[in-house]
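>>> Sequence and computational prediction follow.
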Amino acid sequence: MTRDTTLRFLHLLLADLPQAIETGDQLIRLINRTYGQLARHGDLKNEVTPDDITRLLSEIHRHHARIRAME
Amino acid sequence: MKTIVNVLVAAITVMLATACALLAPVTVDGKARRAAAIVLETHAALQQAALIYGQLPDCAEPPLVHMCRDPGHWIAIREAERHATDAILAAVPVLEGSAPDSGQTLRALEAIDAFARALGQGRMRDGEGRP
């Protein structure tokens, strides 16, 4: 998927967002994050450091705990 | 929600394909770290989708809201997430390039893929109830 294709997806995504939802802020963060991942890894130019891995693992642990805590 | 998950699944497919390609020559530290980052970021993004789904109101009959959470599907998502997180943690030394691979990375990728499919099944169910 090219960057242009991704942008078209995002435009569609924004057009399709419901007018009022409780999780609107989260959806926007997810969109930003999804695009950020493509930007970072799509061209495979950025250096990945051990600290990046540690940060990601910490993030996964945090998300995992939140999902476990939800009914 | 359908388009959101579509975008997410498309992005994750690209990342998983890239990760598979990069995992072959994990003898170079930089490549191993990059593969690890892609796998971990993929999983973290899926976790965010699961968190969003988990915060939706429960589905009612007749439907009261546009998007809702199916209890059975939510259990399946949580199980898939737990399995994928466990598989990733087991694969971390390999992804970091500090241990030989005896199938951990493949199991992690498969578990992440199963997690993505669990989320995608919710998308299909959402679509069935919509006009």
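Cool, the structure landed.
>>> going forward, measure contacts and count neighbours with C-alpha atoms only.
OK.
>>> what about the strands in chain B?
With strands called from DSSP state E, chain B shows none.
>>> looking at chain B, which helix or strand is least sure?
In chain B, no helix or strand scores lower on mean pLDDT, DSSP states H and E than helix B:2-23, which sits at a mean of 54.
>>> if I pick the closest residue to residue A:50 other than its chain neighbours, what's in contact with it?
Excluding its sequence neighbours, the residue lying closest to residue A:50 (CA to CA, 6 or more residues apart in numbering or on different chains) is residue B:33, at 7.1 Å. Going by CA atoms under 8 Å, 6 or more residues apart in numbering or on different chains, residue B:33 touches A:48-50, A:53, B:95-97.
>>> Looking at those, which are in helices?
Counting by DSSP state H, the contacts of residue B:33 place A:50, A:53, B:95 in helices.
>>> circling back to that earlier point, pLDDT score assigned to the residue nearest to residue A:50?
Per-residue confidence at residue B:33 stands at 73 (pLDDT).
>>> coming back round to it: looking at the contacts of residue B:33, spot the one nearest residue B:112.
Closest approach to residue B:112 among the contacts of residue B:33 (CA to CA): residue B:95, at 14.5 Å.
>>> before we move on, back to that, for the ones in helices among the contacts of residue B:33, pick the one with the most neighbours.
Counting by other CA atoms under 10 Å in any protein chain shown, residue B:95 has the largest number of neighbours within the ones in helices among the contacts of residue B:33, with 28 neighbours.
>>> how many other residues sit next to the closest residue in space to that one that isn't next to it in sequence?
Taking CA to CA, 6+ apart, and ignoring the residues beside it in sequence, residue B:95 has residue B:36 as its nearest neighbour in space, at 4.9 Å. Residues near residue B:36, counting by other CA under 10 Å, number 30.
>>> quick one: residue B:87 from chain A, how far?
Note on residue B:87: its distance to chain A, by CA to the nearest CA, to the nearest Å, is 12 Å.
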